[in-house]
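[1] Sharing a model that was predicted from the sequence below.
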Amino acid sequence: MDIKALQDELIDEFSLFDDWMDKYEHLIELGKSLPLIDPSLKTDDRIIKGCQSKVWLHSTMEDGKVIFTADSDAIITKGIIAVLIRVFSHQSPEDIVAADTGFIDEIGLKEHLSPTRANGLVAMIKQMKLYAVAFQAQLKN
Amino acid sequence: MSEPNTMPMIFDVEKIREDFPILKREVNGKPLVYLDNAATSQKPQAVIDCIVDYYSNYNANIHRGVHTLSQEATDAYELARRKIQNHFNIKFAEEIIFTSGTTHGINIVSNGFASILKAGDEVLVSAMEHHSNIVPWQMLCKKTGATLKVIPMNEDGVLILSEYEKLLSTRTKLVFVNHVSNALGTINPIQQIIEKAHTAGAAVLIDGAQACSHIKADLQELDADFYVTSAHKMCGPTGIGILYGKKSWLEQLPPYQGGGEMIKEVTFEKTTYADLPHKFEAGTPNVAGGISFGAAIDYLNEIGFDAIKAYEDELLAYATEKLLEIDGLKIYGTAKDKTSVISFNLDGIHPYDVGTIVDKLGIAVRTGHHCAQPIMDFYNIPGTVRASFSFYNTKEEVDRLVSAVSKAQMMLS
């Protein structure tokens, strides 16, 4: 599936919940089901520093696609990571760089996009795109 | 000095809440429960009116104008200084420097001491300081070659005074301690700390930011060399605070900023500085802030600090008891002398997650390291959830907090 289709799928999935509690419970479940990152990859240089919760993000490239793995010490943050990984992992660097992130708003997690939330979501998206840019450059060489 | 209203009035929290327009609003569809008072307090109508009145009726630049508006504004600003003087029982009004807040005050002092300290000198800082009372001193030590030493605390979040005494020596030049810890609520025994420092020949700066809304500090009795605080923690506006310094110290310290208002005479060869307090008040001051800081002090004294303390102690005891009924909830900061602040975590749950859920339920608490990372390192935790209560909070709000935290625990475990 391409990024757009994955985003639409998430929008549909989250639209099933009317109330914020169900939505957050779903997010928490997604966080819990996020495959665990290899502990050896939870190093300081892989930390994306939000003010409050830590996020470790690791990326590799396989067959022209970027693979992201990540973890966080906060479960809601981890749920958000799970959403991002579902959308951006296993995609080509070009698609990741070009992707729009408006779907975050549409699934009702807009408040997490505000920099004052300090959960590193904005930094996380930026870092994913930066990795994609780096892989893109690698491919060209 | 006595409070304007020495007869204790009956503490009617519902009536007091009427004074705070913001308490009527809703957050996420629920009535706001504001429990982030240690970060900033809400403002009563009297303070809001004072700001509006200033800008509507007598806004002018102060101190040098001969016109009527300027004189009215100057009088009101200087009256506010005298209100602050009375409130803190300060000997001379010129010992009060208006600042932009606590951090500014600390920086005036640390900058001033750069020309006094030398290599080999020592400065002591407590283990429970806010970053704003750590970083300026680290910068000062780097500049002067002085050494920063830390007064340790125990598991309850209480400073270990016997260790403090061991650290004091003839090399100690300065001691910095907060009156109340922002992350733990501990009320530090500053009277003893000051006495011991003075015996060793060291000066003391007390960071009163967290204390001033709960405790009326008598600065002559305490004999502190410097005391700093912010108006916004005590129902006043943001962007204004005070540095109190003993006259002898303030005269000795060099000015922090050059500019208008702080000079006596300027030629291109030489400038002579103005007398206190203007030496440290360069530029056009925050006039509206100063005047409404005075209004906030009037407001608090009308309620009375004894009444405030008694009510907040009751809230603290109630909230502590109710929160501890939640399985797996641990409170950090269990000193006997505490202000109404509860820092806690739920076993196995990140404080950020708790804060997020609780906010969804209309409750404002703070999560994170509260700008006191050394405390979090001490307890080996990423942060805490901090609920801080004010005299306008109620037991019903405590109940809503407890039920929200329980709900968060259910969702997050």
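    Nice, I can see it.

[2] any idea how far residue B:225 lies from residue B:195?
    12 Å (Cβ to Cβ, to the nearest Å). No exception for glycine: its C-beta is placed from N, CA and C like everyone else's.

[3] Compare these two (neighbour count), which wins?
    The residue with more neighbours, out of residue B:225 and residue B:195, is residue B:225; 23 against 14, by other Cβ atoms under 10 Å in any protein chain shown.

[4] Can you give me the buried ones in stretch B:142-156?
    B:144, B:146, B:148-149, B:151, B:153 (16 or more other Cβ atoms under 10 Å in any protein chain shown).

[5] again but with stretch A:125-139, I slipped
    A:125, A:127-129, A:131-132, A:135.

[6] gap between stretch B:221-238 and the chain center?
    Put simply, stretch B:221-238 sits 6 Å off its chain's centre (Cα atoms, centre = their mean, to the nearest Å).

[7] Just the terminal-to-terminal distance for that stretch.
    Length of stretch B:221-238, first residue to last, Cα to Cα, to the nearest Å: 28 Å.

[8] One more: stretch B:224-243?
    End-to-end distance for stretch B:224-243, by Cα to Cα: 12 Å.

[9] same thing with stretch B:23-35?
    11 Å.

[10] before we move on, what about stretch B:85-101?
    Counting by Cα to Cα, the terminal residues of stretch B:85-101 are separated by 17 Å.

[11] what mean pLDDT does that stretch have?
    Average pLDDT, stretch B:85-101: 97.

[12] And residue B:372, how close does it get to residue B:241?
    Relative to residue B:241, and taking Cβ to Cβ, residue B:372 is found at 19 Å.

[13] coming back round to it: just the ones in helices from the buried residues of stretch B:142-156, please.
    Using DSSP state H, the subset of the buried residues of stretch B:142-156 located in helices is residue B:144.

[14] out of the buried residues of stretch B:142-156, who's nearest chain A?
    residue B:153 (23.2 Å; Cβ to the nearest Cβ).

[15] wait, doesn't residue B:363 sit right on residue B:35?
    Yes - using Cβ atoms under 8 Å, residue B:363 is in contact with residue B:35, at 6.3 Å.

[16] what residues are shared contacts of the two?
    Common neighbours of residue B:363 and residue B:35, counting by Cβ atoms under 8 Å, 6 or more residues apart in numbering or on different chains, are residue B:401.

[17] got a list of what residue B:183 touches?
    Contacts for residue B:183 (Cβ under 8 Å, 6+ apart) come out as B:128, B:130, B:332-333, B:343, B:369-370, B:372, B:375-376, B:384, B:386.

[18] Could you list which of those residues belong to helices?
    B:375-376.

[19] which phi and psi does residue B:128 have?
    Residue B:128 has phi and psi values of phi -120, psi 40 when expressed as degrees, to the nearest 10.

[20] Can you give me the distance of it to chain A?
    Distance from residue B:128 to chain A, counting by Cβ to the nearest Cβ, to the nearest Å: 20 Å.

[21] Count the neighbours of that residue for me.
    Residue B:128 has 28 neighbours, counted by other Cβ under 10 Å.

[22] thought it was touching residue B:372?
    Yes - if you go by Cβ under 8 Å, residue B:128 and residue B:372 touch, sitting 6.6 Å apart.

[23] list residues touching both of these two?
    Taking Cβ under 8 Å, 6+ apart as the contact rule, residue B:128 and residue B:372 both touch B:181, B:183.

[24] longest single helix anywhere in chain A?
    helix A:121-140.

[25] other SSEs contacting that helix?
    strand A:47-49, strand A:54-62, strand A:65-72, helix A:75-88, helix A:93-98 (3 or more Cβ pairs under 8 Å, 6 or more residues apart in numbering or on different chains; DSSP states H and E).

[26] Report the rounded mean pLDDT for that helix.
    Averaging pLDDT along helix A:121-140 gives 88.

[27] And the contacts of it?
    A:48-50, A:55, A:57, A:59, A:61, A:64, A:66, A:68, A:70, A:77, A:80-81, A:84, A:88, A:93-94, A:96-97, A:99, A:101, A:104, A:112-113, A:115.

[28] Point out the residues in chain A that sit beside chain B.
    A:20-21, A:24-25, A:28, A:51-54, A:73-77, A:118-119 (Cβ under 8 Å from any Cβ of the partner chain).

[29] if you set the cut-off to 6 Å instead, what comes out?
    With the criterion set to Cβ under 6 Å from any Cβ of the partner chain, chain A comes near chain B through A:20, A:25, A:52-53, A:73-76.

[30] Filter the residues you listed down to just the buried residues.
    A:25, A:52-53, A:73-76.

[31] Just the C-alpha atoms of stretch B:144-154, please, in PDB.
    Output of stretch B:144-154 as PDB, limited to C-alpha atoms (Å, rounded to 0.1, in the frame of the first residue of the first chain):
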ATOM      1  CA  THR B 144      35.600  33.100  38.200                       C
ATOM      2  CA  GLY B 145      37.200  29.700  38.900                       C
ATOM      3  CA  ALA B 146      35.000  29.300  42.100                       C
ATOM      4  CA  THR B 147      33.700  25.800  42.900                       C
ATOM      5  CA  LEU B 148      30.000  24.800  43.000                       C
ATOM      6  CA  LYS B 149      29.200  22.300  45.800                       C
ATOM      7  CA  VAL B 150      25.800  20.700  46.400                       C
ATOM      8  CA  ILE B 151      23.900  20.400  49.700                       C
ATOM      9  CA  PRO B 152      22.500  16.900  49.500                       C
ATOM     10  CA  MET B 153      18.900  15.800  50.400                       C
ATOM     11  CA  ASN B 154      17.400  12.600  51.700                       C
END
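
[32] what are the phi and psi angles of residue B:215?
    Given degrees, to the nearest 10, the pair of backbone angles that residue B:215 has is phi -130, psi 140.

[33] Give the burial count for it, as a bare number.
    Counted by other Cβ under 10 Å, the residues lying close to residue B:215 total 17.

[34] ok, now how distant is it from residue B:305?
    Distance from residue B:215 to residue B:305, by Cβ to Cβ: 7 Å.

[35] What pLDDT is listed against residue 72?
    Looking at chain A here, since you left the chain open. Predicted confidence (pLDDT) for residue A:72: 89.

[36] think we crossed wires, I meant chain B
    For residue B:72, the predicted pLDDT is 95.
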